Every structure is written in C-alpha cells, then in structure tokens.
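Colleague: missing the sequence, but the structure's below:
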C-alpha cells in the first residue's frame, strides 16, 4: 500500500473579509487505510477545513492537498481523487434511490455500473431493498445520507471526506455506518470526517484531532489515547484548560 498521505493540510489558514479567523495554521495528514476524525463545536473550523479541501473556499495561506495535488491550484485534478458526503446530502427528491445513484455516478464519468451494482451498494450502506425504487421525497435524513455514501463508494476515489456523517442516523444505522467505514478503511481509503460524535470517533478513528476556534488544539493517535478519557480531554480543551 502506498504510504504517502492522500489528504494533507499544510499550515492551512482561512481569514474572512470581516477579519474572522476560521482556520489558523492547521497541519495534519491522512494516509491510505486511515481514518482521521475532527472533533469540535459549531464554528470550530471543521467544515471550513473540509470546504478548503474541496475548493469551495480558498485558503488565505497554506494549502490542502489531495493525493499531492493542491486543491486551490488544480481543483479539478484534485477532485478526481476524492469523494464527498455532506451533512445535508443534496440529491434529487423526485428521483428514486437507484435513479439518483445512476445520475450522479454517470455525471462523475462512471458508466460501467449496472442496476445490480447499485442494488448491492445500497444494501451495503444499509438501505433496505424495498426503498431502492422509492422517491427520496419520502426518505428520512438518515436514508438520504446512506444514498450519498453509496454515491461516494461508487465514485471509487482513494480519499473520502465526510462532514457530520452520523448526523440524523439512529443508533442501528450509526452502528452500521461505523462498520461500513471500517470496511472502506480496509480497502485502503483515506477518510477525513468532521463530527460531534465523540463516542463513534473514539470507536473508529486512527487519529483524533480537536478543533477549537480555528486551531487544531490536539492531535493524537488511537494508541496515544488508550487509557485516556477522551470525553474529559475534549471538555478540557473546549474550556481552554490546556492553553
């Protein structure tokens, strides 16, 4: 397996026109077969960091690299190597689950898939077969999330970005999602996810970073966190105890 980082933030900063510093000199990397979870409250800079990787926002300084490609210098080239699932998955509500997969996968240039491939991937992400040919307008947030994850899997990119992926999932779906992430990691995907969910992050992540006010105030591996109380650590960092 290639051991070079697939996702890398290098001294990444973003200051908005009003002077607000959303991301402050953040650096981290995610290698193939690794999951990096960013924890933090609202406004901590997690989503801004992901948006810079996707070139939705340009950095003020530093850069986000996908497979070694700077996302704001060569955005189209960089995006070929990444799939993205947002907290509020944007799919067509008048299309069925199968139709959404077919549309977005073809839009991404993948024309080799059959309806059976779509069926298998929807089952893999935990969407029951009876929902496959139903329109998304009747779907829960969690069901739409599963469709978005299925599209990301079919894109077959080496890196995956997830913004609050467990938001809206019930406990059973959340458990299935963690198992799915584990299988994607075993396929060698590099996964960066932002989350509020400390418990699922602790369960699945190889590395956990804590963001506060645009700063990456902690970055520790699973091994470094063994024996530590992550919830207490998180609360201490949020309260500024370690500043």
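Modeller: Noted; the coordinates are in hand. As the structure is a computational prediction, the values presented were derived from the model and not from experiment.
Colleague: what ranges do the strands span in this protein?
Modeller: 7-15, 21-30, 34-39, 61-66, 69-70, 82-85, 159-163, 190-195, 207-212, 215-221 (DSSP state E).
Colleague: now do the contacts for the closest residue to residue 86 other than its chain neighbours.
Modeller: The shortest distance from residue 86 to any non-neighbouring residue, by C-beta to C-beta, 6 or more residues apart in numbering, is to residue 163 (5.0 Å). For every residue, glycine as well, the C-beta is placed using N, CA and C. By C-beta atoms under 8 Å, 6 or more residues apart in numbering, the contact set of residue 163 is 46-47, 50, 84-87, 193-194.
Colleague: between these, which sits nearest residue 150?
Modeller: Nearest to residue 150 among the contacts of residue 163, counting by C-beta to C-beta, is residue 85 at 9.5 Å.
Colleague: now do the same for the spatially closest residue to that closest one that is not a sequence neighbour: its pLDDT.
Modeller: Closest residue to residue 85 apart from its sequence neighbours, by C-beta to C-beta, 6+ apart: residue 148 at 4.5 Å. Note on residue 148: pLDDT of 90.
Colleague: quick one: residue 148 and residue 88 touch, right?
Modeller: No - between residue 148 and residue 88 there is no contact under C-beta atoms under 8 Å: 9.3 Å.
Colleague: pick out whichever of the two has more residues nearby.
Modeller: residue 148 (23 against 12; other C-beta atoms under 10 Å).
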